[in-house]
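Asks: starting from these lines, generate the structure:
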Amino acid sequence: MNLFSADWMAKFGEEWNNEPELGAALGQIGFNSVIGYGFDGDSAPTGYITVENGYVTAAGEYDGQELNWDLRATPDNWAKWASKPPGMMGLGMAYTTKKLKFNVGDYAAMVKDPRMAGPFIKSFGIMGKV
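Replies: Okay, here's the model as predicted:
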């Protein structure tokens, strides 16, 4: 299954919704976002998920949706984080060294809010289940 393909994103959404530290945790803070995932240097993300009250309600290939978050990295870095999710330090290093780019979204605001930062880190572990 190709990383961020429609099938991959659908499975990612299922795994997200099955993980209490994501769906339930983000639901408690009323988290709603459209999140794009893709590769560094591409003009647009490859896949997206729509999150409503913490849970993924739509997932698939990116087709021009307005994004709240657009996360980019190389295929090698995505694979590395899926197999061994970064902690807060690893995430900070990835961001400061531009291995993880936020083309849209406020990284600083997210990591300052533990109600968002913890689930964000957990989302990398879910990638490894797809």
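
Asks: secondary structure element holding L71?
Replies: strand 69-73 (DSSP states H and E).

Asks: check which residues of that strand are buried.
Replies: W69, D70, L71, R72, A73 (16 or more other C-beta atoms under 10 Å). Quick note: C-beta positions are derived from backbone N, CA and C, even for glycine.

Asks: just put the residues you listed in TSV and tack on distance to A10 and pLDDT.
Replies: Listed next are the buried residues of strand 69-73 as TSV, based on distance: C-beta to C-beta, whole Å; pLDDT from 0 to 100:
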residue	distance to A10	pLDDT
W69	19	95
D70	19	97
L71	18	96
R72	21	97
A73	21	97
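
Asks: which helices and strands sit right next to the strand or helix carrying F102?
Replies: Secondary structure assigned from DSSP H and E places F102 in strand 101-104. Using 3 or more C-beta pairs under 8 Å, 6 or more residues apart in numbering; DSSP states H and E as the contact test, the elements touching strand 101-104 are strand 69-73.

Asks: check what contacts the strand it packs on and list those residues.
Replies: Applying C-beta atoms under 8 Å, 6 or more residues apart in numbering, the external contacts of strand 69-73 come out as 33-42, 45, 81, 94, 99-105.

Asks: coming back round to it: got the buried residues for the strand holding F102?
Replies: Under 16+ other C-beta under 10 Å, the buried positions of strand 101-104 are K101, V104.

Asks: likewise stretch 76-96?
Replies: Residues of stretch 76-96 classed as buried: N77, W78, K80, W81, A82, P85, P86, G90, L91, A94, Y95 (neighbour count, 16+ other C-beta under 10 Å).

Asks: just the angle between the helix or strand containing the second one and strand 69-73, please?
Replies: Just to be clear, that refers to W78. Element membership for W78 (DSSP H and E) is helix 75-83. If you take axes from the mean of the first three to the mean of the last three C-alpha atoms, to 10 degrees, helix 75-83 sits at 110 degrees to strand 69-73.
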